[in-house]
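A.B. asks: only geometry, no sequence info:
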């Protein structure tokens, strides 16, 4: 038995954000066309074929608020349209019947208020100054309802979007910077975060958490608590660690 996984072809297009005239608004758009190859062959007979083509377009409008250095707010609204050339029938069998999905995604992310403390260490050979920054974050996201979610063949990230859901994410980051001469460098970061979902089903398909797709897990309104550490004591050495409870 062997499995075939790939894409033939995958074409992605994007237009970076640009300001809309004098208004404090930024517009960007991305799109993708892909033909996915997903099949299982046993004894030279193809026993399962999930291959299909998908077309996706996602324009985004962003409104930033950066007047205060200790507090930033980024709000975005995006519209997403996706079409699959195949779908699942009532018996969960894949059939050559196309299916489409359209949704709106509203998000707002708040960073701050940011607190910092500075230590001057002119006698230290490693750095002349250390800065400790405490940075709380709060984000809220609303995705409009998705019809026929159970009919979508779920192969990649865009296929797993659960509609009719409000997601609230909250976290706290601690950052340590070292400054020598004119350059300041982040040498240690520790971030603790978690999410809450109004729809318990959404917790099983959140790509921000590696343990979300664990099969057999009980429905819950909360994501795991994620701890991420990053250290860079020198320019040539760094380490990353992540764990979830």
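C.D. replies: Everything's here; your move. Quick caveat: nothing in here was measured; it's all calculated off a predicted structure.
A.B. asks: Going along the chain, name the helices of this structure.
C.D. replies: Taking DSSP state H as the criterion, the chain carries no helices.
A.B. asks: lowest-confidence helix or strand of it?
C.D. replies: strand 45-49 (a mean of 69; mean pLDDT, DSSP states H and E).
A.B. asks: any idea of the pLDDT on the residue positioned nearest the centre of the chain?
C.D. replies: Geometric centre of the chain, nearest residue: residue 208, 5.2 Å, by CA atoms, centre = their mean. Looking at residue 208, its pLDDT is 85.
A.B. asks: and it, what is it in contact with?
C.D. replies: Counting by CB atoms under 8 Å, 6 or more residues apart in numbering, residue 208 makes contact with 195, 223, 226. C-beta coordinates here come from the backbone N, C-alpha and C atoms, glycine included.
A.B. asks: Quick one: neighbours of the second one, just the number.
C.D. replies: Spelled out, it's residue 223. As a burial measure, residue 223 scores 22 neighbours (other CB atoms under 10 Å).
A.B. asks: contacting residues around it?
C.D. replies: By CB under 8 Å, 6+ apart, the contact set of residue 223 is 194-197, 203, 206, 208-209, 212.
A.B. asks: for the last one, same thing?
C.D. replies: Residue 226 is in contact with 191-194, 208-209, 242-244, counting by CB under 8 Å, 6+ apart.
A.B. asks: Let me see the ranges of the strands in the chain.
C.D. replies: 2-19, 26-42, 45-49, 52-68, 71-84, 87-88, 94-95, 99-111, 115-120, 129-143, 165-180, 183-197, 226-234, 237-244 (DSSP state E).
A.B. asks: Could you dump the ones you listed into TSV with distance to residue 149 added?
C.D. replies: Output for those, formatted as TSV (distance: least, CB to CB, whole Å):
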stretch	distance to residue 149
strand 2-19	23
strand 26-42	19
strand 45-49	22
strand 52-68	15
strand 71-84	12
strand 87-88	10
strand 94-95	15
strand 99-111	8
strand 115-120	42
strand 129-143	11
strand 165-180	11
strand 183-197	14
strand 226-234	25
strand 237-244	25
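A.B. asks: Return the most buried member of those.
C.D. replies: Highest mean neighbour count of these: strand 87-88, a mean of 18 (counted as mean count of other CB atoms under 10 Å).
A.B. asks: correct me, but residue 144 touches residue 104?
C.D. replies: Yes: the pair residue 144 / residue 104 is scored as a contact, 4.6 Å apart, by CB atoms under 8 Å.
A.B. asks: Output the below-cut-off pLDDT ranges for this structure.
C.D. replies: Applying pLDDT under 70 to the chain flags residues 1, 43-47, 182, 213-217.
A.B. asks: Try it again at 80.
C.D. replies: 1-4, 41-49, 122-127, 180-183, 211-219, 235 (pLDDT under 80).
A.B. asks: Spatially nearest residue to residue 193, not counting backbone neighbours?
C.D. replies: Using CB to CB, 6 or more residues apart in numbering and skipping the chain neighbours, the partner closest in space to residue 193 is residue 171 (3.1 Å).
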